[in-house]
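A.B. asks: would you be able to build a 3D model of this:
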Amino acid sequence: MIEYGEYSFAYLISIHPRFADLIYEGKKTIELRRKFNPKFEHEIVYFYETAPVKKITGWAYVEIGDYVTVGSITPELLDEMCISEDEFINYIGDSQGRMLHLGGAQRFPIPMDLSDAWNRRPPQSWKYFYYSRFVDVDELLTDHF
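C.D. replies: A predicted model of the protein is given here:
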């Protein structure tokens, strides 16, 4: 989490349940995003699983990797992303994507409703959440369980 004055912000990304499962199992070690704010390198990202789960289910440490394009993708990177070449091409198209290297992913014992943590709508892709630095997100999550 990054502090800014008396407020901090965290990064929440939406992810399909099948990919979240692969992340928590340690099989998916790279998440592909079209955009990602470099301020969050060496930080924690929280995962909001899309339907049918619709909950915050865990977190991971993130390190920002290189940009990748259709011309630079390798079979090894696709394996770490747990996607096919067709899925990669459909997502990136003629653009480029940013590789997020994930580590230490942890699934919460009990998934959390978005309103329990930030009282916000689910992110389309990602969202910053600002809160007072006097609110300890780790404590909030611990109290939830």
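A.B. asks: okay, now the unreliable bits of the chain?
C.D. replies: Counting by pLDDT under 70, the chain has low-confidence residues at 1-10, 39-42, 116-145.
A.B. asks: would you list every one of the helices in it?
C.D. replies: 17-24, 75-81, 85-92, 114-117, 137-144 (DSSP state H).
A.B. asks: and Asp86, how many neighbours?
C.D. replies: 8 (other CB atoms under 10 Å). (Glycine included, C-beta is placed from N, CA and C.)
A.B. asks: what does the one 5 residues further on give?
C.D. replies: Residues near Tyr91, counting by other CB under 10 Å, number 14.
A.B. asks: from Asp113, how far off is Pro17?
C.D. replies: With distances taken as CB to CB, to the nearest Å, Pro17 is found 16 Å from Asp113.
A.B. asks: could I get the helices of the chain as JSON lines with distance to Leu102?
C.D. replies: What follows is the helices of the chain, written out as JSON lines (distance: least, CB to CB, whole Å):
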{"stretch": "helix 17-24", "distance to Leu102": "6"}
{"stretch": "helix 75-81", "distance to Leu102": "10"}
{"stretch": "helix 85-92", "distance to Leu102": "17"}
{"stretch": "helix 114-117", "distance to Leu102": "20"}
{"stretch": "helix 137-144", "distance to Leu102": "18"}
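A.B. asks: compare Pro17 and Asp113 and say which is more crowded by neighbours.
C.D. replies: More neighbours surround Pro17 than the other of Pro17 and Asp113, with 16 against 11 (other CB under 10 Å).
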